[in-house]
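Enquirer: give me coordinates for this.
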Amino acid sequence: MFPRSSSEEYRSQERRRGLVYVAAGLGLLYLALSALSSLWTDYLWFDSIGYVPVWRINLLVSLGLGAFGLLLVFGFVYLNLVITDRLSPRMELLELTEEEELVERFREWAEPRLRWLRMGVAGAFGVLIGAPIAEWRPEVLQFLNPSAFGLTDPVFDIDVGFYVFRLPLWTILVNWAFNVVALTLVLVIAVHYLNGGIRLQRGSRPSIRTGVKTHVSALAALLALLRAVGYQLDRFELLYSTQGDFSGAGFTDVNARLPALQLLTLVSLAAAVLFILNIRRPGWTLAVVSIGAWLFVSVAAGAIYPSLVQRFRVDPSPLEREQNYIALSVEYTQAAYGLDQVERRDFAATRDLTYDEVQSNDLTVSNLRLWDPDILTKTYQVLQEIRPYYTLEEVDTDRYDFDGQSTQVMVAARELDEAGLPEQNWQNTRLVYTHGFGLALSPANTVEADGQPDLLVQDVPPRSDVFDLDQTRIYFGETYAPDRYVIVKTGTAPGEADFPTEQSFARSEYDGEAGVVLDSIFKRLAFAIRYRDLNILISSELRSDSRVLMERNINQIVTDIAPFLAADADPYPVILDGRVQWVIDLYTWTNSYPYSTPWSANETDRMEIRSGLPRAGGNYLRASAKAVVDAYDGSVQFYVTDGFRPDPMVATWQKAYPDLFLPESEMPEVLVEHWRYPQDMFRIQTGIYEGRRLGGVAGPVHSRSNRARVVG
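Expert: The predicted structure is shown next:
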């Protein structure tokens, strides 16, 4: 047996290195193709539903922000690395310690690669810290398209629109800039040490070259200036304070914390000046003094003094000190939730109901609901699901005019039960079982002789004596799993499953305009990569006119188009012109409304988990928009519905996305007749209105006469 020669070992190493390069190249190629396929298929989806302008705005703003952040951070870090290199000593060090020997070896290795190292480090900072600001798109769009609320805050006398649309971006921008400079300062100190500009000496203070001191002091001064700006923004943040038993700035905030922040601003500015002056003075005395003064003032004025004011001025007589602030919190909370124009009426309860009183309230009495939705859901499921792959999961209330009489009805769309499909193979789940069919609808106040609901729409195919039903297949619904695609207009024989017959199945082929047409091999490849599904690429059952329905969950459709709007948990179906239209209540909300009490689990525990609203933290809510989604072709229309109470937030989004919304006047009148009070809105408003969330205030306050001007 002969030992392997060194040349063979070298070739073996080269082969392994080559395989690593190939594997890395293939991995990068796959990641690039995945990103491009997602981008392209997203565009195709937005194009299929007519909202390419929205997609274009989102893409351009995000790309612009990401590129700006990446280049800004890259340039800032690269410039500082160049300065660091130019300030490094060029002479060889004598009598190196063990640590300095390691540093010297690093310098010998880095010297020929210095330019690439700088670009690599700066690029890494740019990608990791700069590019993620692409996620600031909502804040930037609001900042560029603000609307006035017509109401000023009681402390600074600034329109509420500043807090909702401007302050959030200023806050995250200053915090981000501070972090960038702080991380750059750490990097600069480390590189100066590696370059020999900073030397650690046993038994004495580190040796720092003059140029290094100048560089570090300049960056420290910049940090102090940014902190001063941050303190100024923190003043406005006091209006979200929760230090007391109510929301908003209280006595201690206005009379202690606010002056403390002003003092901290001056201290930070003074620290910046001292850092600059420290450049010309030997040692670091001024820098240490500035840091020590800032720490002392932060603790004394920022923490100890407010605690003393709270303990010795507020706690002994809280009602006297906080009365005006509590009234302001109630007033602004009611304005934020649209409760400032509530009309209170007293009704005299009586057990003696007369025939005349019943007659005078005939519309109400005749529509008293006899059916509980939870019970009726189970009843519908027994009577009307027809097959286990259909589901009648959500029963909603609505109203229709029958013979001139407004009648409350219970209605449920018969959607496809994706988990209950027979033979869970690709063909069945993606090509054959693609939709639900029809509805079950019955009056809320009538019962058949056998105790069953009086069905006005029933069975599959749906039949009705009161509605003209033209197309009631449910391709888009509220129970479908998000991002679960199906493909229609395929070569699968004998077609998509509709409903069972005595012999086998009634079949159909989709003839709507929904979905993306798979008319090229490139589109099939893009979708195969997006969904990690090779069948889309190789299946012989797909035709050139096949269509992929990418998103069929109606709430998710609305969220994908307008993520800044929160969808109500309970969309409801309406029969319009023989088709099924889904109506979805949409909310604008923020957590940046001054002096307003945030909602919490007390209010949202009664909401369904599918609600698009956050479970806690928001302190402003309006139901200022609605979306209408066709259950057959997936077409979507957004309408602004703030005619009763103008909503500055929806006005801002109208300016940001001018092609997204239609005015309320363009909604079909028959749909307007089916409007209902948004359920999630009602649950949150009632919880807030009870006064439980107003920190001990005994019930809601309805007078604006308590409005007070707060001065420090």
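Enquirer: measure the closest residue to residue 577 other than its chain neighbours to residue 58 for me?
Expert: Closest residue to residue 577 apart from its sequence neighbours, by C-beta to C-beta, 6 or more residues apart in numbering: residue 470 at 7.0 Å. All C-beta atoms are positioned from the backbone trio N, CA, C, and that covers glycine. To residue 58, residue 470 is 35 Å away according to C-beta to C-beta, to the nearest Å.
Enquirer: and those two? which has more neighbours close in?
Expert: The neighbour count for residue 470 versus residue 58, taken as other C-beta atoms under 10 Å, is higher for residue 58 (19 against 10).
Enquirer: report the contact partners of that one.
Expert: Residues in contact with residue 58, defined by C-beta atoms under 8 Å, 6 or more residues apart in numbering, are residue 137.
Enquirer: any weak-confidence spans in this structure?
Expert: Along the chain, the parts satisfying pLDDT under 70 run over 1-7, 9-11, 90-104, 106, 110, 200-207, 502-503, 691-712.
Enquirer: domain parsing for it?
Expert: For the chain, automatic domain parsing gives the domain ranges 69-201, 209-316, 367-482, 556-699.
Enquirer: dump the ones you listed into a markdown table; add distance to residue 328 as well.
Expert: Converted to a markdown table, the domains of the chain look like this (distance: least, C-beta to C-beta, whole Å):
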| stretch | distance to residue 328 |
| --- | --- |
| domain 69-201 | 5 |
| domain 209-316 | 6 |
| domain 367-482 | 38 |
| domain 556-699 | 5 |
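Enquirer: residue 341 is nearest to which of those?
Expert: Taking C-beta to C-beta, domain 556-699 is the member of these nearest to residue 341, at 7.9 Å.
Enquirer: sorry, back to before: hang on, the residue nearest to residue 577 packs against residue 579?
Expert: Yes: with contact defined as C-beta atoms under 8 Å, residue 470 reaches residue 579; the gap is 6.1 Å.
Enquirer: of the domains of the chain, which is nearest residue 345?
Expert: Residue 345 lies closest, by C-beta to C-beta, to one member of those: domain 556-699, at 14.5 Å.
Enquirer: distance of the residue nearest to residue 78 when sequence neighbours are not counted relative to residue 77?
Expert: With sequence-adjacent residues excluded and distances taken as C-beta to C-beta, 6+ apart, residue 78 is closest to residue 122, at 3.9 Å. Applying C-beta to C-beta, the value for residue 122 to residue 77 is 4 Å.
Enquirer: same deal with residue 416?
Expert: From residue 416 over to residue 77 (counting by C-beta to C-beta), the distance is 53 Å.
Enquirer: next one: residue 524
Expert: Counting by C-beta to C-beta, the gap from residue 524 to residue 77 is 43 Å.
Enquirer: mind checking which of those two has more residues around it?
Expert: Taking other C-beta under 10 Å, residue 524 and residue 77 do not tie; residue 77 has more neighbours (25 against 19).
Enquirer: can you show me the strands along the stretch 351-500 of the chain?
Expert: Using DSSP state E, counting those that start in this stretch, the strands found in the stretch 351-500 of the chain span residues 390-391, 396-402, 405-413, 415-416, 436-437, 439-443, 457-458, 463-464, 473-474, 486-488, 496-500.
Enquirer: hmm, I was thinking of the stretch 551-700 of the chain
Expert: Using DSSP E, counting those that start in this stretch, the strands of the stretch 551-700 of the chain run over residues 566-567, 572-576, 579-590, 620-630, 636-640, 661-663.
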